[in-house]
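Asker: okay, sequence plus prediction incoming.
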Amino acid sequence: MPSRMLERISLKGYKSFRELDLTLEPVNVLIEANGSGKSNFIGLFGMLSHISAV
């Protein structure tokens, strides 16, 4: 099966994100202050993985 890449994420009202529209590249780096939502963003991929496995 060919691999697929998520190209864009749009969120509204997910955890600490009021609104987010992000274009993804093959390599992405998250650098931000403590408490800014990096872990919430990474956790989103776990949730998406769980949903796609159902």
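Answerer: That came in fine, so what should we check first?

Asker: can you name the residues bridging to residue 14?
Answerer: Bridge pairing for residue 14 (DSSP bridges) gives the partners residue 17.

Asker: same check on residue 10?
Answerer: Beta-bridge partners, per DSSP bridges, of residue 10: residue 21.

Asker: neighbours of it, how many?
Answerer: Using other CB atoms under 10 Å, the number of residues around residue 10 comes to 9. Yep, even glycine has a C-beta here, placed from its N, CA and C like the rest.

Asker: wait, it touches residue 21, no?
Answerer: Yes. With contacts counted by CB atoms under 8 Å, residue 10 reaches residue 21, the gap being 4.9 Å.

Asker: surely residue 32 touches residue 38?
Answerer: Yes. In this structure residue 32 lies within contact range of residue 38 using CB under 8 Å: 5.7 Å.

Asker: more neighbours: these two, which one.
Answerer: Relative neighbour count places residue 38 above the other of residue 32 and residue 38, with 14 against 9, counting by other CB under 10 Å.

Asker: got a list of what the residue nearest to that one when sequence neighbours are not counted touches?
Answerer: Residue nearest to residue 38 in three dimensions, not counting chain neighbours: residue 30, with 4.9 Å by CB to CB, 6 or more residues apart in numbering. Neighbour list for residue 30: 38, 41-42 [criterion: CB atoms under 8 Å, 6 or more residues apart in numbering].

Asker: equivalent analysis for residue 6, please.
Answerer: Counting by CB under 8 Å, 6+ apart, residue 6 makes contact with residue 24.
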